[in-house]
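Q: fold the following and give me the result.
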Amino acid sequence: MKVRSATLGDLPRVLRIERASFGPEAYGVTTFLAHVFRDRKGLLVAEDDRGGVIGYALARVGLRWLGVRRGGLTSIAVDPQHRRRGVGRSLMAAALDYLRAQGVQSADLEVSVANRAAQSLYEAFGFVQSQLLPHYYGPNSDGLKMVLDIRDRAPSRRAASAGTARRSSSS
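A: Numbers count the residues shown, from 1 in each chain. Coordinates of the predicted model:
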């Protein structure tokens, strides 16, 4: 498996993974295109040994021209047939490396309160819970905002050996 920057040709597979992971709450093509046109390298994909896309991470960087040093993870998901194999960990590590390379100092993400697997992954990378987001995902579906100070911080050893944002579906 390898992680690389996505191409427009990867978008159909990314959207299938998105729908399989998030169902009716899935982002549409316009959301991905808006991110890709703003910062093409922020969409990362994981490929299997045959070159098939099996997961993605969508990282965002603040408005650089305003000097903003914040960024984060908009979404991350792994094809359901490839979960629990370290794909999510690899995507997360690559997304944080990308944000560091862009000069981001602080990263954030949102995750469902009910998604403990994702929270554990993020905590393994050093994210901490910063705010409860009532009804973030709809009625009776709260979210958590998690933050990370990524200045000069390498992924933890546990993160590199452990296995999902916004919502997250990438064990």
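Q: dump the helix or strand hosting Ala118 to PDB, keeping only the CA atoms.
A: Using DSSP states H and E, the element containing Ala118 is helix 116-124. Extracted in PDB, the C-alpha atoms of helix 116-124 (Å, rounded to 0.1, in the frame of the first residue of the first chain):
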ATOM      1  CA  ARG A 116     -14.800   5.800  19.700                       C
ATOM      2  CA  ALA A 117     -12.600   4.000  17.100                       C
ATOM      3  CA  ALA A 118     -11.900   7.200  15.300                       C
ATOM      4  CA  GLN A 119     -11.300   9.100  18.500                       C
ATOM      5  CA  SER A 120      -8.700   6.500  19.600                       C
ATOM      6  CA  LEU A 121      -6.900   6.900  16.300                       C
ATOM      7  CA  TYR A 122      -6.800  10.600  16.600                       C
ATOM      8  CA  GLU A 123      -5.700  10.500  20.300                       C
ATOM      9  CA  ALA A 124      -2.800   8.100  19.200                       C
END
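Q: what about Arg60, neighbour count?
A: As a burial measure, Arg60 scores 22 neighbours (other CB atoms under 10 Å). Where C-beta positions appear, they are placed from N, C-alpha and C, glycine not excepted.
Q: wait, a strand at it?
A: Yes. Applying DSSP: H, G, I helix; E, B strand; the rest coil, one finds Arg60 inside a strand.
Q: for the helix or strand that the helix holding Ala118 is followed by, name the packing helices and strands.
A: Going down the chain from helix 116-124, the next helix or strand is strand 128-133, by DSSP H and E. Contacting strand 128-133 under the criterion 3 or more CB pairs under 8 Å, 6 or more residues apart in numbering; DSSP states H and E are the following elements: strand 143-149.
Q: check which residues of the helix holding Ala118 are buried.
A: 117-119, 121-124 (16 or more other CB atoms under 10 Å).
Q: same check on stretch 94-114?
A: Neighbour-count burial for stretch 94-114 [16+ other CB under 10 Å]: 94-100, 102, 104-113.
Q: just stretch 126-140 next, same as before
A: 126-127, 136-137.
Q: got those as a markdown table, with pLDDT and distance to Leu73 columns?
A: Shown next, in a markdown table, are the buried residues of stretch 126-140 (pLDDT from 0 to 100; distance: CB to CB, whole Å):
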| residue | pLDDT | distance to Leu73 |
| --- | --- | --- |
| Gly126 | 93 | 13 |
| Phe127 | 95 | 9 |
| Tyr136 | 91 | 15 |
| Tyr137 | 87 | 16 |
